[in-house]
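Chemist: Based on what follows, work out the 3D shape:
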Amino acid sequence: PNLANNVGFVNRDAAVLREMEAAARFARAASDEDRAAAAASREKAQVLIERSWAAYCIAAAMTPDAVRVVNDTGRIMTYYLRTDPEAAERYLLDAVADGAVQIQEEMGDKERYALNEAWGDAHQNMGILEMTLRSNPGPARDWFVKALEIGPPSRGWLQTEVVPRLDEWI
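Modeler: The predicted structure follows:
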């Protein structure tokens, strides 16, 4: 599971870098050749993010109670592929449910912080899914509010930037 998770992580980071490269190439493209090179970078980014998704799916299947891994699997679909909201939702809701159970268990401070962060991320990612893929501001707001309640404090930008915009949208 760790190897699959790492493959997912590395391919996601590589895909993000390729997409940034493609955007920069498109921005400065002066010829058809330049645009073709930019398009090739974008295609490579797509291949890499699909590899990331496949690897994360394997990692999640091997460790279905690992809140961070299951959340990250849903996140790949929510943020990057964006082609199957139902699959993303299944992973994210599994992470939410498992986190709710596991947070009640005895554990050390480091483990609790890591679990709490992953559990809050799953709520935040459900908010992103509802906001961006489904255009549902009400449910998105509810997910973001719960993510804020869970923490950590670094999620404060949701309160100052996202929730007010959702309130206007609603």
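
Chemist: only C-alpha atoms for contact and neighbour calcs from this point on.
Modeler: Fine.

Chemist: show me what contacts A22?
Modeler: 37-42 (CA atoms under 8 Å, 6 or more residues apart in numbering).

Chemist: meant to ask about T83, not that
Modeler: Counting by CA under 8 Å, 6+ apart, T83 touches M77.

Chemist: secondary structure class for it?
Modeler: Secondary structure state of T83, per DSSP: H, G, I helix; E, B strand; the rest coil, is coil.

Chemist: Can you tell me what sits against stretch 151-166?
Modeler: 116-117, 120, 137-138, 140-141, 144-145, 147-148.

Chemist: and the residues you listed, which of them are in helices?
Modeler: Among the contacts of stretch 151-166, the members found in helices (DSSP state H) are 116-117, 120, 137-138, 140-141, 144-145, 147-148.

Chemist: Which one of these is nearest to E168?
Modeler: Using CA to CA, P137 is the member of the ones in helices among the contacts of stretch 151-166 that sits closest to E168, with 9.4 Å.

Chemist: V67 versus the closest one, what's the distance?
Modeler: 25 Å (CA to CA, to the nearest Å).

Chemist: who has more neighbours, these two?
Modeler: Taking other CA atoms under 10 Å, P137 and V67 do not tie; V67 has more neighbours (29 against 21).

Chemist: quick one, what contacts W53?
Modeler: 8, 73, 76-77.

Chemist: Give the residue farthest from the middle of this structure.
Modeler: Here the centre of the chain is the reference, and by CA atoms, centre = their mean the most remote residue is S31, at 34.9 Å.
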